[in-house]
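S.K.: What would the 3D arrangement of this be:
(chains A and B)
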Amino acid sequence: MTALTKPVRVRYAPSPTGDFHVGGARTALFNYLFARHHGGNFILRIEDTDQKRYNPEAVNWLLNGLRYLGLDWDEGPEVGGEYGPYVQTERLSIYQHYCQQLLDNDLAYRCFATPEELDEMRRERKPKGLPTYDRRYRDYDPAKALERADSGESHVIRIKLPLEGNITVHDAIRGDITFQNEILEDVIIVKSDGIPTYHMANVIDDHLMEISHILRGDEWVSSMPLHIHLYNAFGWEPPTMAHLPVILNPTGKGKMSKRESRAPDGQILPVFVRTFEELGYLSDAMVNYMALVGWSYDDKTEIMDREELIERFSLDRVNASPASWNYEKLNYFNGVYMRALTPEALAKQIMPYVKEAGINADYDTLVKIAPFIQERLNVLSDAPQWVDFFFVDELPAYDLNMLVPKKMSLEDVPSILKTAHDILAQTEFNHDAIDAALRVGVKTLGIKAGQMFQPIRIAVCGKMVAPPLFNTLEILGKETTLKRLEQTLSRLEQN
RNA sequence: GCCCCCUUCGUCUAGAGGACUAGGACACCACCCUUUCAAGGUGGCGACACGGGUUCGAAUCCCGUAGGGGGCACCA
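M.R.: The predicted structure follows:
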């Protein structure tokens, strides 16, 4: 492999036609890790040669997504670079030049077949397992073709591929793959609008940008022979190619959906980077998890920070087989990273979500709460439901039956709450003092700890599931705690 | 239909001929801890798709079958 002597330059080259999907993100990540591992450059190139499907929002989704994941690019939109422009529609004259070269060398030809003709060919040839185009203009007189083209007749330009023999291409992950030239099609390299197709533009750009390794999705393996033929036609040495396994749905059946759906329990199943970010998946967790979809370091290590991933990433540990996306495991990773945050960092991270939920929270209080909700959050957007009751004047009404402790009835509740109230009124409001005082109450009442704490929790939080009680009370403060106990008692009286 | 790729627990994977009674992680189950929920701890369930070879010996190599995936556009 002579490529070892060349500087490592890899690119992520998405087409701005839709939202930024995790499949694309994983490809970007592998390129990024590979580049950083080798001290090379990670290049971002926008492949916008399809003007019909172009979506102006897509570039923003992409750029924001990459930034969220922390995959900074060395060359590309916004940062520039010596090999620009990095947007294909700004490179049209370059492609034109190389296309002419192919035409001049009889390695490409103009084709005047109409869409209708093509449809007919498809109908006839497809069932026979043949490629659509029957090469009817392959041997058409170039002079006549030029004449028709000059007169303005609509046409495309096709590559002239070998008719027989085999071509063996090498994939860094899969090894050698052999294709029969016979089944290859003289594909279109320049569309009738004068814009090149992906196949042509990508080859020219990768060569001109001195890309050393192409790491791309597995859907491109069938285009490998075509691309290699194009490199050969230009007389260029192709980069090392590696095709990454596709990401399958969590069930393991089928390519991961391009549309977001919901799980049976109503949970949204995100597939766009933007949605993961909105739900509050930590950048580090996403990166760590995604790195493990199709790649592994060893038989044990899974939690790795960016530096470790960069240091350890290598192509020969990328799997050739498809991998399915596992939301539970991602959640676990997110939990791990969430728990590693300092209270300050967590407070900062959840603040936007809390505000978004209409909760009037202050940073200092969130910092105090943080340690107690930290191990209970799956994603940042879970935070509001854990902290809302800290920041309201009046608790929303809840079902009084929630107050009833195990093996007791509603009639037992008032005396428990009354006892709690009286004890707490005389207690210093810190965790240990509350703990000690309440346990005395448990003893006097002759009930179990849980039976006493349950109604207090409900009275104070208004919900069955909440952060640890004593810490909660401490943060809430004596005044609020006593007030909520009183309010509950009076509700019970009216009941 | 044709071409190509892939195939170890439900899922992600380790394994590159003997170290395998097939290891780890998520999920699941049980127990422990415990004021709810978590987190944590301990243990458990659970896989080499199938059939032929090659070899003294195969999860590992070869062939076939089956299954899965990708591609076959004036989309990338």
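S.K.: and the residue of chain A found nearest RNA strand B, how many neighbours?
M.R.: Nearest residue of chain A to RNA strand B: A:Gly129, at 2.3 Å (CB to the nearest atom of the strand). (C-beta placed from N, C-alpha, C; glycine too.) A count of neighbours around A:Gly129, defined by other CB atoms under 10 Å, yields 7.
S.K.: any idea how far it is from A:Ile183?
M.R.: 8 Å (CB to CB, to the nearest Å).
S.K.: One more: A:Tyr297?
M.R.: Distance from A:Tyr297 to A:Ile183, counting by CB to CB: 39 Å.
S.K.: in chain A, which spans are strands?
M.R.: Here chain A has its strands, by DSSP state E, at A:9-12, A:41-44, A:108-111, A:156-159, A:166-171, A:175-180, A:188-190, A:213-217, A:240-244, A:247-248, A:261-262, A:268-269, A:323-324.
S.K.: all helices for the stretch 201-350 of chain A, in order.
M.R.: A:224-234, A:273-279, A:283-291, A:306-312, A:327-339, A:343-356 (DSSP state H, counting those that start in this stretch).
S.K.: My error: substitute the stretch 51-200 of chain A in the last question.
M.R.: For the stretch 51-200 of chain A, the helices defined by DSSP H, counting those that start in this stretch occupy A:56-69, A:92-104, A:115-125, A:142-150, A:198-208.
S.K.: If you count contacts, what does the fourth one end up packed against?
M.R.: In this structure, helix A:142-150 makes packing contacts with strand A:108-111, judged by 3 or more CB pairs under 8 Å, 6 or more residues apart in numbering; DSSP states H and E.
S.K.: Is RNA strand B within reach of the strand it packs on?
M.R.: No - Strand A:108-111 does not reach RNA strand B (CB under 7 Å from any atom of the strand); its nearest approach is 7.8 Å.
S.K.: So which elements touch that strand?
M.R.: Packing partners of strand A:108-111 (3+ CB pairs under 8 Å, 6+ apart): helix A:92-104, helix A:142-150, strand A:156-159.
S.K.: Out of these, which one sits most buried?
M.R.: Among the helices and strands packed on strand A:108-111, strand A:156-159 has the highest mean neighbour count (mean count of other CB atoms under 10 Å), at a mean of 22.
S.K.: which outside residues touch that strand?
M.R.: For strand A:156-159, contacts defined as CB atoms under 8 Å, 6 or more residues apart in numbering pick out A:99, A:102-103, A:107-111, A:133, A:137-138, A:186-192, A:199-200, A:226, A:229-230, A:233.
S.K.: With stretch A:104-123 instead?
M.R.: Applying CB under 8 Å, 6+ apart, the contact partners of stretch A:104-123 are A:99, A:102-103, A:132-134, A:136-138, A:140, A:142, A:145-146, A:148-149, A:153-160, A:186, A:188-189, A:233.
S.K.: Quick one: distance of that stretch to the chain centre.
M.R.: How far stretch A:104-123 lies from its chain's middle: 39 Å, per CA atoms, centre = their mean, to the nearest Å.
S.K.: Residue numbers of the stretch 351-495 of chain A in contact with RNA strand B?
M.R.: Residues of the stretch 351-495 of chain A lying near RNA strand B (CB under 7 Å from any atom of the strand): A:375-376, A:435, A:449-450, A:453-454, A:457, A:464-470.
S.K.: can you do 6 Å?
M.R.: A:375-376, A:449-450, A:453-454, A:464-470 (CB under 6 Å from any atom of the strand).
S.K.: again with the stretch 201-350 of chain A
M.R.: A:218-219, A:221-223, A:246, A:252-255, A:292-294, A:296, A:298-300, A:302, A:317, A:319-324, A:326, A:328-329, A:332, A:335.
S.K.: Can I get the buried part of those as one PyMOL selection?
M.R.: Burial among these is assessed by 16 or more other CB atoms under 10 Å; the matching PyMOL selection reads:
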select buried, chain A and resi 218+221+223+246+292+293+294+322+323+324+332+335
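S.K.: Can you give me the neighbour number for A:Tyr258?
M.R.: You called it Tyr, but residue A:258 is Lys. Using other CB under 10 Å, A:Lys258 is surrounded by 11 other residues.
S.K.: now the one 4 residues further on
M.R.: Other residues lying near A:Arg262 total 9 when counted by other CB under 10 Å.
S.K.: go on, A:Tyr363?
M.R.: 11.
S.K.: Leaving out chain neighbours, which residue sits closest to it?
M.R.: A:Ala347 (5.9 Å; CB to CB, 6 or more residues apart in numbering).
S.K.: Just give the number of residues close to the one you found.
M.R.: A:Ala347: 24 surrounding residues under other CB under 10 Å.
S.K.: Confirm for me that it is in contact with A:Val367.
M.R.: Yes - checked against CB atoms under 8 Å, the pair A:Ala347 and A:Val367 is within contact range at 4.4 Å.
S.K.: Could I get the residues of the stretch 351-495 of chain A next to RNA strand B in CSV, plus columns for pLDDT and neighbour count?
M.R.: Supplementary listing: these in CSV, determined by pLDDT from 0 to 100; neighbours: other CB atoms under 10 Å:
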residue, pLDDT, neighbour count
A:Glu375, 94, 9
A:Arg376, 95, 16
A:Ala449, 90, 12
A:Gly450, 90, 12
A:Phe453, 94, 20
A:Gln454, 93, 21
A:Met464, 93, 11
A:Val465, 94, 9
A:Ala466, 95, 19
A:Pro467, 96, 20
A:Pro468, 96, 15
A:Leu469, 96, 19
A:Phe470, 95, 21
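S.K.: Relative to A:Glu117, how far out is A:His229?
M.R.: In terms of CB to CB, A:His229 sits 24 Å off from A:Glu117.
S.K.: Who has more neighbours out of these two?
M.R.: Ranked by neighbour count (other CB under 10 Å), A:His229 and A:Glu117 place A:His229 first, with 23 against 14.
S.K.: who touches the more buried one in this structure?
M.R.: By CB under 8 Å, 6+ apart, the residues touching A:His229 are A:159, A:161-162, A:167, A:184.
S.K.: What's the PyMOL syntax to select whichever of these are buried?
M.R.: The command below creates a PyMOL selection of those among the contacts of A:His229 that count as buried (16+ other CB under 10 Å):
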select buried, chain A and resi 159+161+167+184
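S.K.: Farthest pair within the contacts of A:His229?
M.R.: Farthest pair in these (CB to CB) is A:Ile159 and A:Ile167. Separation: 13.3 Å.
S.K.: pLDDT at A:Asp265, what is it?
M.R.: A:Asp265 carries a pLDDT value of 69.
S.K.: quick revisit: hmm, which of the contacts of strand A:156-159 are the buried ones?
M.R.: Counted by 16+ other CB under 10 Å, the contacts of strand A:156-159 give A:99, A:102-103, A:107-111, A:133, A:137, A:186-191, A:199-200, A:226, A:229-230, A:233 as buried.
S.K.: For chain A, give me the ranges with low pLDDT.
M.R.: Flagging of chain A using pLDDT under 70 yields the residue ranges A:1-4, A:264-265.
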